[in-house]
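Q: need a 3D model of the following:
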Amino acid sequence: MKQNGLNVNPTYSNDTACAQFIGVITDTLKKKTSVQIADSTYMLFMIDGDRHFYEGVRILHKGRPANILIGHIKVEHANAQGVYAATKKAFAALGEQCGDWLEKTVAMGADGAAVNLGHKGGVIALLQQEAGNFVVPFHCMPHRLELAMLSVQRDNIMIGQVYDMLHMVWKTYHFSHKSMRELKALRADLGLNVLVPSGVKGTQWLPHVSRALETFLRPGKDNHGQFTAVYCHMDHLAVGLDD
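A: Got it, this is the predicted structure:
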C-alpha cells in the first residue's frame, strides 16, 4: 500500500506483525479445510512431487466437486513408505476431526511412477492394505496424455531429428562459455537479442520442447532471428573443425 502512495499507519509495518497476520490466515484456512473434509462423506486424495509432496483432496462441496490443497509436506524418504507417511502427516495436521480420512478415501491419484501406483510396493498398495482393496488408483490424465504424445513422437524419425538437433544446440552453449560468448557477439552484427538456448529434456517434456522451439525460432530484425545467429555460429565452428 505504501508503494501505491497511501499513508499507512506504521504500527503493523514490521516482521513480527507480518508473522502474526500470516499465522492467523494459516489457522483460518486450515480450520476451513478441516471442516470441509470432516463434513464430506467420500473423498479422494492426490499427491505430486519428489522430496516435497503437494497433498490435495477432491470432495463434494455443496453438491459440486471441489479440489482442496491440504499441505506441502517434506518427505523423509522418497520411497512408498516415506510418501505414505507424509500423506498421513498432512491429514494429521488438520486435527482430530479429520482422523477418519482413511475411512472416507475411495480413490488416489498420482503420476505413473512405481513409487506411487506400483501394485506390489507403491503407495496405492500400502493404502489398499490399510483401507481396503476398493480404493481406486488413477493415473494423472495430463501425464498420461503427455506420455502418449512422447510415444507417438518416438516413432517418428523426423521428430527424433528435431529433438537431437535442439539437444545438441543446448549442449553446445550450456557446457561452453566460450561458445555462448561467441553467439552473443553476433548480436551486434545481426541486430539480435540473442537468448540462451533451452533444453528439451526435463520433467515436463512437451513444454520443454515448445519453449526450446520458440527460443530457437524467435524472429528478429530484417527476418534475422535466433536461428540465424545459431546457424552462423555453427557454420563458424564447422569451419574451425575443418581447418
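Q: pLDDT on the helix or strand containing residue 26, on average?
A: Under DSSP states H and E, the secondary-structure element containing residue 26 is helix 15-39. Per-residue pLDDT values across helix 15-39 average out to 90.
Q: repeat that for stretch 144-151.
A: Rounded to a whole number, the mean pLDDT of stretch 144-151 is 80.
Q: give the buried residues for it.
A: residue 146 (16 or more other CB atoms under 10 Å). Any C-beta I mention is one placed from the backbone N, CA and C, and that applies to glycine too.
Q: go on, stretch 104-120?
A: Taking 16+ other CB under 10 Å as the neighbour-count basis, stretch 104-120 is seen to contain the buried residues 104, 105, 107, 108, 109, 110, 111, 115, 116, 117, 118.
Q: which other helices and strands does the helix holding residue 26 contact?
A: strand 52-61, strand 64-74 (3 or more CB pairs under 8 Å, 6 or more residues apart in numbering; DSSP states H and E).
Q: can you list the strands that the last one pairs with?
A: It refers to strand 64-74. Sheet pairing of strand 64-74 (DSSP bridges) gives strand 52-61 (antiparallel).
Q: what's the angle between the partner strand and helix 15-39?
A: The directions of strand 52-61 and helix 15-39 differ by 50 degrees, with axes from the mean of the first three to the mean of the last three CA atoms, to 10 degrees as the criterion.
Q: report the buried residues of strand 52-61.
A: Buried-residue list, strand 52-61, by 16+ other CB under 10 Å: 53, 55, 56, 57, 58, 59.
Q: follow-up on the earlier one: closest one to residue 179 among the helices and strands packed on helix 15-39?
A: Nearest to residue 179 among the helices and strands packed on helix 15-39 is strand 52-61 (35.1 Å), distances taken as CB to CB.
Q: C-alpha coordinates for the closest one, CSV please?
A: The C-alpha coordinates for strand 52-61 follow below in CSV (Å, rounded to 0.1, in the frame of the first residue of the first chain):
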residue,chain,number,x,y,z
HIS,A,52,8.5,-32.3,-1.2
PHE,A,53,4.9,-33.6,-1.9
TYR,A,54,1.9,-31.5,-2.6
GLU,A,55,-1.1,-33.1,-1.0
GLY,A,56,-4.6,-32.4,-2.2
VAL,A,57,-8.1,-33.8,-1.9
ARG,A,58,-11.2,-33.8,-4.1
ILE,A,59,-14.6,-33.8,-2.3
LEU,A,60,-18.2,-32.9,-3.0
HIS,A,61,-18.8,-29.4,-1.5
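Q: which residues does that strand contact?
A: Where contact means CB atoms under 8 Å, 6 or more residues apart in numbering, the residues beyond strand 52-61 that reach it are 36-37, 40-48, 65-75, 83, 86-87, 90, 109.
Q: ok, stretch 197-217 next?
A: By CB under 8 Å, 6+ apart, the surrounding residues in contact with stretch 197-217 are 146, 149-150, 163, 166-167, 169-170, 172-174, 195-196, 225-227, 230.
Q: which among those end up buried?
A: When burial is judged by neighbour count using 16+ other CB under 10 Å, the buried members of these are 146, 163, 166, 169, 170, 172, 173, 225, 226, 230.
Q: tally of neighbours for residue 216?
A: Residue 216: 20 surrounding residues under other CB atoms under 10 Å.
Q: and the end-to-end length of stretch 121-136?
A: Using CA to CA, to the nearest Å, the span of stretch 121-136 from its first residue to its last is 16 Å.
Q: for it, the distance to its chain's centre please.
A: Remark: stretch 121-136 is offset 25 Å from the chain centroid, using CA atoms, centre = their mean, to the nearest Å.
Q: appreciated, that's everything.
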